[in-house]
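> Need a 3D model of the following:
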Amino acid sequence: MISGGDILQFLKREVLVSEHEVFHRTLKEALVGTCDSVLDIGCGSRSPLRSFSHLIPHTVGIDGHATSIERSRAEGIHREYHQMELMDAGRRFGPKSFDAVVALDVIEHFEKQDGFRFLEMMESMARKRVIIFTPNGFLPQDEWDSNVHQVHRSGWEVYDFELRGYRVIGMSGWKPLRGDYAHPRIRPFRIGSRLSVLTEPFATRFPRHAYQLLAIRDMEAS
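Here you go, the predicted model:
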């Protein structure tokens, strides 16, 4: 029998949360305490790791956009930075060079076949864990913030990751409730955002219906 306390814990953890809190919490749980070194590929200017990167002994951010690197360094998000082509990371750091390798909102910027090569590179570099965050399916996006790397070139489905041994968690609520740049479709945005958050318990369990996907592969288990 489900107790009142169990229901309250469920509400606190999955319903009474702020926007994107489930994503940040899940990401933190996957890295902090188990991974002493993390490579953040395509870290951008404000990586989702920024709220807890100080809890990880060694983090490295790489990006092809110089301005993004400068902004991230100014915030002190990572301990080490490299401006470079993302696909060169495997040659730069070598096999099994980090406990975890993450790419958050990155893989959709590659053509599909290049994206699979990107996954192979990440998997070769990680001792413990690979984490990918990407829209569910193709989401059009053009260049912005003077960064040509922001164009979306591919869409990724749950099966793309599951076939490679990833567990996939749905993020950002039910897919029809969000549009470009993850903005709520329903106006005012405050109401649209809350409706989306309320659907997160459904989306996390049924990722095919979620707006975004968080894919995690434990390399040791593999």
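
> only C-alpha atoms for contact and neighbour calcs from this point on.
OK.

> Check the burial of Ile191 by counting its neighbours.
Look at Ile191: counted by other C-alpha atoms under 10 Å, it has 13 neighbours.

> Roughly how far does it sit from His209?
Counting by C-alpha to C-alpha, to the nearest Å, the gap from Ile191 to His209 is 20 Å.

> C-terminal to the lowest-mean-pLDDT helix or strand in the chain, what's the next element?
Of all helical and strand segments in the chain, the minimum by mean pLDDT, DSSP states H and E falls on helix 4-10, at a mean of 51. Where DSSP states H and E defines the elements, the next helix or strand beyond helix 4-10 is helix 21-31.

> how about the nearest residue to Pro176, chain neighbours excluded?
Nearest residue to Pro176, sequence neighbours excluded (C-alpha to C-alpha, 6 or more residues apart in numbering): Tyr211, at 7.4 Å.

> list the helices and strands the strand or helix carrying that neighbour packs on?
Assessed by DSSP H and E, Tyr211 sits inside strand 210-218. Strand 210-218 sits against strand 126-135, strand 167-174, helix 200-205, with contacts defined as 3 or more C-alpha pairs under 8 Å, 6 or more residues apart in numbering; DSSP states H and E.

> any low-confidence regions in this protein?
1-17, 143-149, 222 (pLDDT under 70).

> switch the cut-off to 50
For the chain, applying pLDDT under 50 flags the ranges 7-8, 10-12, 16.

> ok so, going back, could you say which one of the helices and strands packed on strand 210-218 comes nearest to Leu27?
Distance to Leu27, taken as C-alpha to C-alpha, is lowest for strand 126-135 among those, at 8.4 Å.
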